[in-house]
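*Asks:* okay, predicted coordinates and the sequence, questions at the end:
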Amino acid sequence: MRPGGDVSARAELIGIDWGTSNLRVMRIAGGGEVLDVRSDPRGAARLAPGHFSDVLHDVAGDWFDDGTPALVCGMAGARGKWREAAYRPCPAGLADLSPVCLGNDSQAILIVPGVALSQDGALEDVMRGEETQVMGLADAPGRRLVVTPGTHSKWIRVEDNAIQDFRTFMTGDLFAAIRTETVLGQDMGNPGIDMDAFQDGVSRALADDALTAALFSVRVERLSDRLAATSTADYLSGLLIGAEIRAQGPADGRSVTLIGAPALNTRYAAALAVAGFEDVHTLDGPTATARGLWRIHEAHRR
C-alpha cells in the first residue's frame, strides 16, 4: 500500500480521472470529498485497450479489495481505449450521463460517457471529462458560462444544470507548438513572469480578429525591443487566451465559472477582467471532477 491519505476513513466511491497524459485515482467519501489521491503518468494516450486494467490495479489495486464501486471519466472511454462510452447528445444533464459498465471478473467498473454537440445530424464538437467537471458544480437555475482552460479549452453554456452547447479551443496545444516549432519560439522561456506582457497580449487579441496576423506581433515586438525575451511566452499566452475570449462576444454582465488548475484559472480570470467580465468564479479542476463523479454515481446508483 502506498503512503498518503487517511486510509481508515470510509470511501464510498473510487473515482478515476484518466486523462490523455496522466491518471488520477481518488478515494471519495459521500458528497464528493476526496480522502486520498494517487497519480501516475501513464495517460490514456500511451495505453492499448488491454493495458488499462493492469495499470489501474498497479496504481491502486489495494483500494478495490473491499468492493468499493468505481467510476471512470475522461479518455479511458474514448474509441480505441479501455472501452468506448458513446457520446451523449446535448442537452446533457446528470440524468443523461448514465455510465457504461466495463464488466470485470472481480468488480464492476463504470465509465462516464462523453458529450457531443451536433447540428442537423452532423457532429460539431465533443468533450470527455469536462462534462464530469460541469456536473460537479452546485445546482443553480438559469444560465451560466463554464470555462475549462487547458490543452483543449472548452467554453460551455449550461442552462438549468444541463450542458446545452460548447466550443473547443486548441489553445494549450497551439501555445506548445508555437514555442517549440516556429520562429516565434526562439529564446522563449516559460509563462508566469510578466503579467503586464500577458495583459498586452490579451488586449491585442481583443482588438484584432485576425489571430494569425496578431501572432506575428510576437516577433515584431521583440525586434522593436518593446518586448523582452523573458516576456514573450506571457505575451503569446495573452494573444491566444484573448482570442478565445474575443470569440465569445462582449461581457454583457455574464457570469463565468473557471474550472481548472489554479495557475490557469488565475491567468484566465485576469484575461476576462481585461475583456470586461466582472463576475468570475473559480473552482479547482480535481475538486470539480471528484464532486462530479460522486453526483453521477449517486444519480445512477444501482
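*Replies:* In hand now; what should we look at?
*Asks:* just the terminal-to-terminal distance for stretch 246-261.
*Replies:* 22 Å (Cα to Cα, to the nearest Å).
*Asks:* buried residues in that stretch, which are they?
*Replies:* Of the residues in stretch 246-261, those with enough neighbours to count as buried (16 or more other Cβ atoms under 10 Å) are 246, 248, 251, 254-260. Backbone N, C-alpha and C define where each C-beta goes, glycine included.
*Asks:* what number of residues lie near residue 187?
*Replies:* By other Cβ atoms under 10 Å, the residues close to residue 187 number 8.
*Asks:* check residue 46 too.
*Replies:* Applying the criterion other Cβ under 10 Å, we find 12 residues in the vicinity of residue 46.
*Asks:* would you say residue 17 is within a strand?
*Replies:* Yes - using DSSP: H, G, I helix; E, B strand; the rest coil, the assignment for residue 17 is a strand.
*Asks:* excluding covalently adjacent residues, which one is nearest to it?
*Replies:* residue 24 (4.3 Å; Cβ to Cβ, 6 or more residues apart in numbering).
*Asks:* tell me the confidence at the one you found?
*Replies:* Per-residue confidence (pLDDT) for residue 24: 98.
*Asks:* what do you get for the one 3 residues further on?
*Replies:* With respect to pLDDT, residue 27 has a value of 97.
*Asks:* tell me what it is bridged to.
*Replies:* residue 14, residue 36 (DSSP bridges).
*Asks:* for it, what are its contacts?
*Replies:* For residue 27, the contacting residues are 5, 7, 9, 11, 14-15, 34-37, 63, 68, taking Cβ atoms under 8 Å, 6 or more residues apart in numbering as the criterion.
*Asks:* same deal with residue 25?
*Replies:* Applying Cβ under 8 Å, 6+ apart as the definition, the contact partners of residue 25 turn out to be 14-17, 37-40, 56, 59-60, 63.
*Asks:* show me the helices in this structure, by range?
*Replies:* With helices called from DSSP state H, the chain shows them at 52-60, 130-135, 171-181, 195-207, 211-215, 217-223, 232-246, 262-274, 285-299.
*Asks:* deepest-packed of those helices, please.
*Replies:* helix 130-135 (a mean of 28; mean count of other Cβ atoms under 10 Å).
*Asks:* now that helix, how far from the chain's geometric center?
*Replies:* 9 Å (Cα atoms, centre = their mean, to the nearest Å).
*Asks:* for stretch 182-198, which outside residues touch it?
*Replies:* Outside of stretch 182-198, the residues within contact range by Cβ under 8 Å, 6+ apart are 178-179, 215-216, 218-219, 227-238, 263, 267, 270-271.
*Asks:* first-to-last residue distance for it?
*Replies:* Stretch 182-198 stretches 19 Å from its first residue to its last (Cα to Cα).
*Asks:* what would the helices of the chain look like in CSV with distance to residue 75?
*Replies:* Rendered in CSV, the data for the helices of the chain read as follows (distance: least, Cβ to Cβ, whole Å):
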stretch, distance to residue 75
helix 52-60, 10
helix 130-135, 12
helix 171-181, 15
helix 195-207, 29
helix 211-215, 27
helix 217-223, 32
helix 232-246, 22
helix 262-274, 19
helix 285-299, 13
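*Asks:* nearest to residue 121, out of those?
*Replies:* Each of the helices of the chain was checked against residue 121 via Cβ to Cβ, and the shortest separation belongs to helix 130-135, namely 21.2 Å.
*Asks:* quick one on the thing from earlier: neighbours around the residue nearest to residue 17, how many?
*Replies:* Neighbours of residue 24 (other Cβ under 10 Å): 22.
*Asks:* with the contacts of residue 25 in mind, which one is nearest to residue 85?
*Replies:* residue 16 (12.7 Å).
*Asks:* could you check how far that closest one is from residue 97?
*Replies:* For residue 16, the distance to residue 97 equals 15 Å [Cβ to Cβ, to the nearest Å].
*Asks:* report the two of the buried residues of stretch 246-261 separated the most.
*Replies:* With distance counted by Cβ to Cβ, no two of the buried residues of stretch 246-261 lie farther apart than 246 and 259, which are 20.9 Å apart.
*Asks:* need the helix or strand of this protein with the lowest average pLDDT.
*Replies:* For the chain, using mean pLDDT, DSSP states H and E, the weakest element among its helices and strands is strand 100-101, scoring a mean of 92.
*Asks:* that one: how far from the chain's middle?
*Replies:* Between the mean C-alpha location of strand 100-101 and the chain-wide mean there is a distance of 22 Å, by Cα atoms, centre = their mean.
*Asks:* who does it pair up with?
*Replies:* The partner list of strand 100-101 in its sheet, established with DSSP bridges, is strand 109-111 (antiparallel).
*Asks:* which residues are contacting the strand it pairs with?
*Replies:* 16, 69-73, 76-77, 82-83, 85, 99-102, 300.
*Asks:* thank you kindly, that will do.
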